[in-house]
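[1] prediction below, plus the sequence it came from.
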Amino acid sequence: MGDTTVGTRRPLYTAVCRQLFLTFGIATLAGAAVAEDVQNQWSCHADSDGNWVCATVPISGTPYRRPEPRVAAPAPGQVSDEESHINPTRNLDWVPLEQLSVDEQERVRPNCCGAYIEPPRNYPESDLTPEEASLRVSADSTEARGNVATLEGDVQVSQGYRQVRSNKAVVDQEKRIIELMGNINYREPGVLITGEEARLDMDSREARLTDAGFVLHDSGVRGSAKTLQKGQDDVIYIDNATYTTCEPDNNAWQLKTSDVDIDTIRNMAVARNVRLEVKDIPVLYIPWIRFPTSDNRATGLLFPVLVAGNDNGIDYSQPIYLNLAPNYDATLTPRFIQYRGAMMEAEARYLNDWSTTTVSGGYLWDDDGGDVGKETTASGERLPYEGEDRWLIGVGHKGGMGHAWDTYIDYNDVSDIDYFRDLDTTTLEVNSQSHLNQEIAAGYTTRHWRLGVKAQEFETIIRDGLEQYKQLPRIDANGRYRFGHDLILSLRQHFVAFDHSEDDVFGSGTPLTRDADNTTVTGSRLRADYGITWDKEWLWGFFKPSAKVKAIRYDLDTPLAGQTDESPDILVPVTSLDTGLFFE
């Protein structure tokens, strides 16, 4: 199907590993130049062969200093801003909720007591990309002995929005080795990576970072690794890695692995001994897993879903993604519910040049009844839905993209009124609503007319809810003509046949519309809206008078209670004036 592809889903650790790879740019930036004087900075650019050409340039005043983070003033007895937020290896840019601005507090995720906030970038060219900016290096002091240069005291290396900082840097030109030591910080927008020691071989491009930590500000993710290494084989090796979305010093849950190998050429990774821990207690173990590290899709395991509750007990779902073709895929989700049994959820997606379709469903075999109502159920009495098969189905379709015709399907159905309450969904796009939509439609559009036909009904899944009328079918014909630049003629009409079931499928609600025999009234409706508008606009304002005629006629099977007319109708004229002035 050409270049048509369905959306991307990323398996375990994908986002993390992509950002961890940025760590190995730290030493690359640091080794490109060495400052010789505290009042000088380096300006570098690449020559035609790709080599760095650098020269010192004088600066006025002292070199740029560490940007001040945006936090509230500390309360009495708390550490100062300088002590708390300048050292990101300690708190990873974490700002407590009470110190956030009102706008930042509104963006904080539910149940979080703060957020990771990037400090402002106020050094030169921080608003440029690395490709657009010069390389800048500064330190409190420098010393050169032979082929070895040592930079100490707030070593800063920046190129556009990318920045590296450390307490000390040593560059050995003869051995082609660069070492960074103490409070290493690597920053890009939305990313902070920290470490204690880094070493880079400029010839082999081998690199190593120890005691690493990372933060992804926007997603609220943080993690750590004992070591990160990049070998000559373009594989990144990560030892003893962790991953969590909890705030610092709170590991309510986290993922741990003994080692991760990332192939940067094939964009694939292998993790071993993956453990999910809740309150430091292992609850899931995966001995081996392979997943992509780029946006390219690959068959594999997605993040599991683990929920514990009183009604269902432990509820564990393990999505399995199947990359079947560039334009269609599927997700199978085996699910085990402690008090209900085993079930399966599945979703398939298909995309072509003119349509997109999603089919999803869930099925629970022989429901064990859950823990709902056990306290009030007599001994030996069957629990609600015990022994029953329960199911869900959903179909979504949009067709006709790029064509005059179009098609639409939104069909959802469940086995019982309590399906979403008892089971919900873990990976499906079908959402719980009071009335599930069941609609199929088609249309055709010309220059002046839009023609459409659809059939629609709703399944009520709330107790004591009113059953909704069905539209079987509805036909629309809407026209619009423009004469000259300002005169618009609109012609809108539709016909709809209403039907209603006397049986409440799930609820026990009473229909609103009854006849004298207390029977639900059904029938059809014809509506026409014809109007003409003078749509006049100037630079200083607009003037839009309009005149319309609206007509409605019903043909009922039986008249409403207290009425005798089976064909009520109404015809009314409508005029309006819409006008205004522009002052900008």
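    Arrived safely. Numbers count the residues shown, from 1 in each chain.

[2] least confident secondary structure element in the chain?
    helix 81-85 (a mean of 32; mean pLDDT, DSSP states H and E).

[3] by contact count, what packs against the helix or strand harbouring residue 155?
    Using DSSP states H and E, residue 155 falls within strand 148-159. Helices and strands touching strand 148-159, by 3 or more Cβ pairs under 8 Å, 6 or more residues apart in numbering; DSSP states H and E, are helix 26-30, strand 136-138, strand 141-145, strand 162-172. In short, each C-beta sits where N, CA and C put it, glycine included.

[4] helices along the protein, start to end?
    All helices of the chain, identified by DSSP state H, fall at 14-20, 26-30, 81-85, 88-91, 102-107, 419-422.

[5] residue ranges with poor pLDDT in the chain?
    Scanning the chain for pLDDT under 70 picks out the ranges 1-91, 111, 293-295, 372-383, 427, 429-432, 464-465, 502-519, 561-562.

[6] so what are the domain limits for it?
    14-67+121-298, 302-431, 433-581 (automatic domain parsing).

[7] out of the helices and strands packed on strand 148-159, deepest packed?
    Compared across these, strand 136-138 shows the largest average neighbour count, a mean of 26 (mean count of other Cβ atoms under 10 Å).

[8] of the helices and strands packed on strand 148-159, which is nearest residue 356?
    Closest of those to residue 356 is strand 162-172, at 38.0 Å (criterion: Cβ to Cβ).

[9] strands paired with the closest one, and their directions?
    Sheet neighbours of strand 162-172, with direction, are listed as strand 148-159 (antiparallel), strand 177-188 (antiparallel) (DSSP bridges).

[10] export those strands to CSV and tack on mean neighbour count?
    As requested, these are exported to CSV (neighbours: other Cβ atoms under 10 Å):
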stretch, mean neighbour count
strand 148-159, 21
strand 177-188, 22
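
[11] centre of the chain to stretch 234-249, how far?
    In terms of Cα atoms, centre = their mean, to the nearest Å, the centre of stretch 234-249 is set 21 Å apart from its chain centre.

[12] who's in contact with that stretch?
    Stretch 234-249 is contacted from outside by 13, 16-17, 20-21, 24, 91-92, 94, 112-114, 219-231, 251-265, using Cβ atoms under 8 Å, 6 or more residues apart in numbering.

[13] could I get the strands paired with strand 162-172 in CSV, plus columns for distance to residue 422?
    Listed next are the strands paired with strand 162-172 as CSV, based on distance: least, Cβ to Cβ, whole Å:
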stretch, distance to residue 422
strand 148-159, 56
strand 177-188, 45
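
[14] didn't residue 576 look like it was pressed against residue 532?
    No: using Cβ atoms under 8 Å as the test, residue 576 is too far from residue 532 to be in contact (11.6 Å).

[15] any shared contact partners between those two?
    With Cβ under 8 Å, 6+ apart, residue 576 and residue 532 have common neighbours 546, 548.

[16] who has more neighbours, those two?
    Remark: of residue 576 and residue 532, residue 532 carries more neighbours, 15 against 11, as counted by other Cβ atoms under 10 Å.

[17] residues touching that one, list them.
    Contacts here follow Cβ under 8 Å, 6+ apart; on that basis residue 532 touches 487-490, 546-548.

[18] and if you look at residue 229?
    Taking Cβ under 8 Å, 6+ apart, we find residue 229 in contact with 206-209, 236-238.

[19] now with 6 Å?
    208, 237 (Cβ atoms under 6 Å, 6 or more residues apart in numbering).

[20] picking up where we left off before, and of the domains of the chain, who's closest to residue 108?
    domain 14-67+121-298 (8.9 Å).

[21] okay, stretch 142-156 in CSV with CA atoms only?
    Taking C-alpha atoms only, stretch 142-156 is exported to CSV below (Å, rounded to 0.1, in the frame of the first residue of the first chain):
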residue,chain,number,x,y,z
THR,A,142,43.0,25.5,33.1
GLU,A,143,46.4,23.9,33.1
ALA,A,144,48.3,22.4,30.2
ARG,A,145,51.3,20.1,30.6
GLY,A,146,52.7,18.6,27.4
ASN,A,147,49.8,17.0,25.6
VAL,A,148,47.6,16.9,28.6
ALA,A,149,45.2,19.7,29.4
THR,A,150,43.2,19.9,32.7
LEU,A,151,40.1,22.0,33.2
GLU,A,152,38.8,22.4,36.7
GLY,A,153,35.9,24.2,38.5
ASP,A,154,32.5,24.4,36.8
VAL,A,155,33.7,23.0,33.4
GLN,A,156,31.0,24.0,30.8
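
[22] what does it rub up against?
    By Cβ under 6 Å, 6+ apart, the list of residues contacting stretch 142-156 from outside reads 34-36, 138-141, 165-166, 168-174.

[23] hmm, back to that, okay if I get the helices and strands packed on strand 148-159 as JSON lines plus distance to residue 195?
    JSON lines is the format used below for these (distance: least, Cβ to Cβ, whole Å):
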{"stretch": "helix 26-30", "distance to residue 195": "8"}
{"stretch": "strand 136-138", "distance to residue 195": "19"}
{"stretch": "strand 141-145", "distance to residue 195": "22"}
{"stretch": "strand 162-172", "distance to residue 195": "9"}
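
[24] these: which one's closest to residue 558?
    strand 162-172 (75.9 Å).

[25] hang on, the earlier thing: residue 353: which of the contacts of stretch 142-156 is nearest?
    Nearest to residue 353, judged by Cβ to Cβ, of those is residue 165 at 50.3 Å.

[26] for that closest one, which non-adjacent residue is spatially closest?
    residue 185 (4.5 Å; Cβ to Cβ, 6 or more residues apart in numbering).

[27] then residue 453?
    Of all residues not flanking residue 453 in the chain, residue 475 sits nearest, at 5.1 Å (Cβ to Cβ, 6+ apart).

[28] what about that neighbour, distance to residue 267?
    Separation of residue 475 from residue 267 (Cβ to Cβ, to the nearest Å): 52 Å.

[29] show me the residue at the heart of this protein, geometrically.
    Geometric centre of the chain, nearest residue: residue 219, 9.3 Å, by Cα atoms, centre = their mean.

[30] angles on the backbone of it, please.
    phi -90, psi -10 (degrees, to the nearest 10).

[31] which parts of the stretch 351-500 of the chain are strands?
    All strands of the stretch 351-500 of the chain, identified by DSSP state E, counting those that start in this stretch, fall at 355-364, 390-399, 405-414, 435-445, 449-460, 470-483, 487-499.

[32] what sits up against the second one?
    With contact meaning Cβ under 6 Å, 6+ apart, strand 390-399 is reached by 354-364, 367, 407-415, 419, 430.

[33] can you give me the neighbour number for residue 534?
    Residues lying near residue 534 (other Cβ under 10 Å) number 12.
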